[in-house]
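Chemist: here you go, sequence then predicted model.
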Amino acid sequence: MGGSLWSTWAIYLSIEWFMVSLCPHDNPRIHKGSDLQGPFRIEYGFHVTLMLAGIILPYSLLTMLRPGAAGAHGAQAAGAASPRVR
């Protein structure tokens, strides 16, 4: 990804959580009785972690698109054309 090891893992886990969280999220929603604390905790846990993943992904994308990011210098070193200066 061109960033640090921490940011690469954060991006990977965020994407993975978006893809995998739907399956375990659907089954516990079926509850019996009037006790709503259990389903409420499950909903809260899933939605807060999805919100965190939704913050990590755009932040890391904007960080990578920032001028002078790690990926921009690697392309020039590999023989890509340098930008034209007026």
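Modeler: Cool, got the structure.

Chemist: who's in contact with stretch 4-20?
Modeler: 1, 49, 50, 52, 53, 54, 56, 57, 60, 63 (C-beta atoms under 8 Å, 6 or more residues apart in numbering). Quick note: C-beta positions are derived from backbone N, CA and C, even for glycine.

Chemist: which residue in these has the weakest pLDDT?
Modeler: Lowest pLDDT among the contacts of stretch 4-20: residue 1, with 50.

Chemist: top helix in the protein by residue count?
Modeler: In the chain, taking DSSP state H as the definition, the longest helix is helix 37-65.

Chemist: show me which residues of that helix are buried.
Modeler: By neighbour count on 16 or more other C-beta atoms under 10 Å, the buried set for helix 37-65 is 42, 46, 50, 53, 56, 60, 64.

Chemist: in terms of secondary structure, what does that helix contact?
Modeler: Here helix 37-65 touches helix 5-20, going by 3 or more C-beta pairs under 8 Å, 6 or more residues apart in numbering; DSSP states H and E.

Chemist: hmm, who's touching the helix or strand that comes right after the helix it packs on?
Modeler: Later in the chain than helix 5-20, the nearest helix or strand by DSSP states H and E is helix 22-26. The contact list for helix 22-26 (C-beta under 8 Å, 6+ apart) reads 42, 46.

Chemist: one step back: let's have the contacts of stretch 4-20 in CSV, adding distance to residue 20.
Modeler: Below are these laid out as CSV (distance: C-beta to C-beta, whole Å):
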residue, distance to residue 20
1, 20
49, 11
50, 11
52, 15
53, 11
54, 15
56, 16
57, 15
60, 19
63, 24
